[in-house]
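Trainee: build me a structure from this.
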Amino acid sequence: MRQASNHVRFFLSVLLSVFLLFPLAGCWSSHEIEERSLGVGMALDKANKSMTEKEFDEQEEYPKRNLITSTYQLITPQVASSTTVQGGSQQKAYVNMAETGDSIHQMTRELSLRRETSIASQHLKVIIIGEALARTYSLGKLVNEFLRDNEIRPSCLVLISKGRARDGLESKTAGEIPAFRLAGMVENAYRTTRILPPTSLIKLESNIESGTSFLLQNVLSANGEIKFAGAAIIKGKTNKMIGFLNEEELDGLTWITGKGKGGLVKSFDKKTGQLIVYEIQSMKSHIEPYVKGNSISFNVHIESEGR
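Mentor: Residues are numbered from 1 along each chain as shown. Predicted structure coming up:
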């Protein structure tokens, strides 16, 4: 009996050792990082030239209208780790690729005809929508694909560009990835009253479904330089852009709503003419509406602490 018991113990120990090997096998269904292109940014612009009905009908396979140009910002391990200096300047740490069509999903798949690696969108940081496109189509239609795609995270930031959106994905600084820079710039709201609270995809969906008008941060791009400059106004009934608030108007709106986290107020001493700068540490506001007949007015009480 003792010998049989020893055999059972030996068999169980061997069986347990075999089972312990499985957790050490790693992720056998994973993809090698060297075989993926990471999509970190996307820009949507109105196409320069739309296809005519006749040209569309004459296409034999895979028809598409040239309505939207999508620009994808990709980083690959080969590009990101490259330190090769060519012509005295460091190679870019990203690659921008553009496709034109009428389906964002289709355009993404067509990149497979031009790249040897598949695109992973789980790390998409920012989506920039050009002014001309935002005035033409509702945001609900433009972001519908992203809201349905289970690869794209709902925390992805959405911005509006005054001008071409794809310019916001360019940089003249060696080693810099524009999508990461834009995602990081929204964190500077504690230093200025001219940056709106970030609007993610999930927050944008809420704004669209509410049917009320709202604002999206505007980004201005020129010669590889990027700046947050005011905000785009989105009309609730159509979800289309109808205009902009400039930087001073956005500054005033932040004070009225009391949602600022920081910033500066500049003035001058009336007696001496000397410059006075007040740094905001906190603010809050209380809005009281007054209705008299068909007229409505507001009293806004604002309090702030600073130095």
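Trainee: direction included, what does the helix or strand hosting Val40 pair against?
Mentor: Using DSSP states H and E, the element containing Val40 is strand 36-46. Strand 36-46 has its sheet partners listed here by DSSP bridges as strand 68-75 (antiparallel), strand 118-120 (parallel), strand 126-130 (parallel).
Trainee: at which residues are the strands of the protein located?
Mentor: Secondary structure of the chain by DSSP state E: the strands cover 36-46, 68-75, 85-86, 89-90, 95-101, 118-120, 126-130, 157-161, 214-222, 225-234, 241-245, 263-268, 275-292, 295-306.
Trainee: would you list these in a markdown table and tack on mean pLDDT and distance to Glu205?
Mentor: For the C-beta atoms, the positions are set from N, CA and C on the backbone; glycine is no exception. Shown next, in a markdown table, are the strands of the chain (pLDDT from 0 to 100; distance: least, Cβ to Cβ, whole Å):
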| stretch | mean pLDDT | distance to Glu205 |
| --- | --- | --- |
| strand 36-46 | 89 | 16 |
| strand 68-75 | 92 | 20 |
| strand 85-86 | 48 | 43 |
| strand 89-90 | 57 | 39 |
| strand 95-101 | 90 | 24 |
| strand 118-120 | 78 | 23 |
| strand 126-130 | 96 | 13 |
| strand 157-161 | 96 | 10 |
| strand 214-222 | 93 | 12 |
| strand 225-234 | 94 | 13 |
| strand 241-245 | 96 | 17 |
| strand 263-268 | 93 | 29 |
| strand 275-292 | 94 | 27 |
| strand 295-306 | 95 | 29 |
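Trainee: quick one, domains of this protein?
Mentor: 33-256, 262-307 (automatic domain parsing).
Trainee: winner for burial among those domains?
Mentor: Highest mean neighbour count of these: domain 33-256, a mean of 17 (counted as mean count of other Cβ atoms under 10 Å).
Trainee: distance from it to the middle of the chain?
Mentor: Counting by Cα atoms, centre = their mean, to the nearest Å, domain 33-256 is centred 6 Å from the centre of its parent chain.
Trainee: any idea of the pLDDT on Ala134?
Mentor: With respect to pLDDT, Ala134 has a value of 96.
Trainee: for the closest residue to it other than its chain neighbours, list each beta-bridge partner.
Mentor: Among residues not flanking Ala134 along the chain, Met241 sits closest, at 3.9 Å (Cβ to Cβ, 6 or more residues apart in numbering). Per DSSP bridges, the residues bridged to Met241 are Ile234.
Trainee: give the contact list for Met241.
Mentor: 131, 134-135, 160, 232-235 (Cβ atoms under 8 Å, 6 or more residues apart in numbering).
Trainee: can we see that at 7 Å?
Mentor: With contact set as Cβ atoms under 7 Å, 6 or more residues apart in numbering, Met241 has these partners: 131, 134-135, 160, 232-234.
Trainee: distance of it relative to Thr212?
Mentor: 15 Å (Cβ to Cβ, to the nearest Å).
Trainee: got it, and His123?
Mentor: Using Cβ to Cβ, His123 is found at 32 Å from Thr212.
Trainee: isn't Ile104 right next to Ser70, touching?
Mentor: Yes - assessed by Cβ atoms under 7 Å, Ile104 is found in contact with Ser70 at 5.9 Å.
Trainee: thinking again about what came up before, looking at the strands paired with strand 36-46, which is nearest to Tyr278?
Mentor: strand 126-130 (32.3 Å; Cβ to Cβ).
Trainee: tell me the contacts of the spatially most central residue of the chain?
Mentor: In the chain, the centroid-proximal residue (Cα atoms, centre = their mean) is Val126; its distance is 2.0 Å. Val126 makes contact with 41, 156-157, 159, 179, 182-183 under the criterion Cβ under 7 Å, 6+ apart.
Trainee: repeat for His123
Mentor: 38-40.
Trainee: out of the strands paired with strand 36-46, flag the one nearest Phe298.
Mentor: Phe298 lies closest to strand 126-130 among the strands paired with strand 36-46, at 31.5 Å (Cβ to Cβ).
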